[in-house]
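>>> Quick one, fold the following:
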Amino acid sequence: MKTEKEKMIAGELYESADTELREARMRSKELIYDYNHTRPSELKAREKIIRELFGSVGKGFLIEQPFHCDYGYNIRVGENFYANMGCVILDCAPVTIGDNVMLAPNVNIYTAGHPLDVEQRNAGVEYAYPVTIGNNVWIGGNVTIVPGVTIGDNSVIGAGSVVTKDIPANVVAMGNPCRVVREIVSRG
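Purely as a prediction, here's the structure:
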């Protein structure tokens, strides 16, 4: 029989009130509290907290305060990652972010969702689907990325977009819902 954590990561309905999950969220909240209350100049302390919180982190990252997430251990970021202030990552499912990714202020990445069926929703179950962001991606301010989305390498997501479907590589996409507006042509 699967644990609620195993169900959560597998994309199955799970009970978020499960004791193991509540304890994991509390651990995350404690670390995030410490992170958000470090002085901006305490870069080594901030790096240590993020490395303890996240599943994996590459070289050269900066996450501006405030930052919030659910668990932390489901977040994996590559090298040269930057997240501006107000970033929220609901990482009930894996969130994988490639190398050279920049997030503008107030980017929200959600893997968690609630059933449409009212009885299931009122029973306290939810689901989570992974989010993947490729290499060399720039996400504009106030963008929301919903569960199950993949954003391809080298793409740019315009400010204020709500990304509800996969975005291919090498495009500029924007809007609500987010859609491709043009390809990015290399100047090489």
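>>> Lys48 in helix, strand or coil?
helix (DSSP: H, G, I helix; E, B strand; the rest coil).
>>> Asn108 versus that one, what's the distance?
According to Cβ to Cβ, to the nearest Å, Lys48 and Asn108 sit 25 Å apart. For the C-beta atoms, the positions are set from N, CA and C on the backbone; glycine is no exception.
>>> The two: which is more packed in?
Asn108 (18 against 14; other Cβ atoms under 10 Å).
>>> Tell me if I'm right that that one and Ile139 touch.
No: Asn108 is beyond contact range of Ile139, at 10.0 Å (criterion: Cβ atoms under 8 Å).
>>> what is in contact with those two at once?
Counting by Cβ atoms under 8 Å, 6 or more residues apart in numbering, the common neighbours of Asn108 and Ile139 are Ile145.
>>> quick one: the helices in the protein?
For the chain, the helices defined by DSSP state H cover 4-10, 19-36, 43-53, 118-122.
>>> Where in this protein is the helix or strand with the lowest mean pLDDT?
helix 118-122 (a mean of 94; mean pLDDT, DSSP states H and E).
>>> list the buried ones in it?
Within helix 118-122, no residue qualifies as buried by neighbour count (16 or more other Cβ atoms under 10 Å).
>>> re earlier: with distance to Ser155 as new columns, can the helices of the chain be given to me in JSON lines?
Output for those, formatted as JSON lines (distance: least, Cβ to Cβ, whole Å):
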{"stretch": "helix 4-10", "distance to Ser155": "26"}
{"stretch": "helix 19-36", "distance to Ser155": "28"}
{"stretch": "helix 43-53", "distance to Ser155": "25"}
{"stretch": "helix 118-122", "distance to Ser155": "33"}
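>>> quick one, which of those is nearest to Pro147?
Proximity to Pro147, assessed across the helices of the chain by Cβ to Cβ, is greatest for helix 4-10 (11.9 Å).
>>> Send me the least confident helix or strand of the chain as CSV with only the CA atoms.
Output in CSV follows, covering the C-alpha atoms of helix 118-122 (Å, rounded to 0.1, in the frame of the first residue of the first chain):
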residue,chain,number,x,y,z
VAL,A,118,-17.2,18.5,-4.9
GLU,A,119,-17.3,15.3,-2.7
GLN,A,120,-13.7,14.5,-3.3
ARG,A,121,-12.7,18.1,-2.8
ASN,A,122,-14.6,18.4,0.4
